[in-house]
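Peer 1: pasting a predicted model and its sequence here:
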Amino acid sequence: MPSAREAYWIAHVTVTDEAQYAAYRKMAAEAVAAHGGKFLARGGRYRQMEGTDRPWNTVAVFPSFEKAVECYDSPAYQAAVKIAARASERELVIVEAG
């Protein structure tokens, strides 16, 4: 059986309500940790090379693609997503390591 490969959440965000987005970040951090994930980048310096500029960029790593999807679909993270939807414009993709 092949071993599981890590997977990454990659999010590009424009925050429209800092206070609500701070609540989202706290809830997201708890959900990610509960599913074996950890943040590698959360905000910080960046340079937009192509596409739509979003000033908040996040990368989280999970032990497997399945764990990353499980976290996204979890009730805890979905509660956070409801807050994020009111406080930001964003895209999030899950990518398995190659």
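Peer 2: Yep, it's here. Residues are numbered from 1 along each chain as shown.
Peer 1: which stretches of this structure have low pLDDT?
Peer 2: Per-residue confidence for the chain (pLDDT under 70) gives these ranges: 1-3.
Peer 1: just the strands in it please.
Peer 2: Secondary structure of the chain (DSSP state E): strands located at 7-15, 38-42, 56-62, 88-96.
Peer 1: can I get the ones you listed in a markdown table including distance to A29?
Peer 2: Every residue, glycine included, has its C-beta placed from N, CA and C. Shown next, in a markdown table, are these (distance: least, C-beta to C-beta, whole Å):
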| stretch | distance to A29 |
| --- | --- |
| strand 7-15 | 12 |
| strand 38-42 | 7 |
| strand 56-62 | 9 |
| strand 88-96 | 15 |
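Peer 1: just send those strands back as JSON lines, with mean neighbour count too.
Peer 2: Putting these into JSON lines (neighbours: other C-beta atoms under 10 Å) gives the following:
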{"stretch": "strand 7-15", "mean neighbour count": "19"}
{"stretch": "strand 38-42", "mean neighbour count": "13"}
{"stretch": "strand 56-62", "mean neighbour count": "19"}
{"stretch": "strand 88-96", "mean neighbour count": "14"}
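Peer 1: between those strands, which one is nearest to V32?
Peer 2: strand 56-62 (5.4 Å; C-beta to C-beta).
Peer 1: same for that closest one, what does it pack against?
Peer 2: strand 7-15, strand 38-42, helix 65-73 (3 or more C-beta pairs under 8 Å, 6 or more residues apart in numbering; DSSP states H and E).
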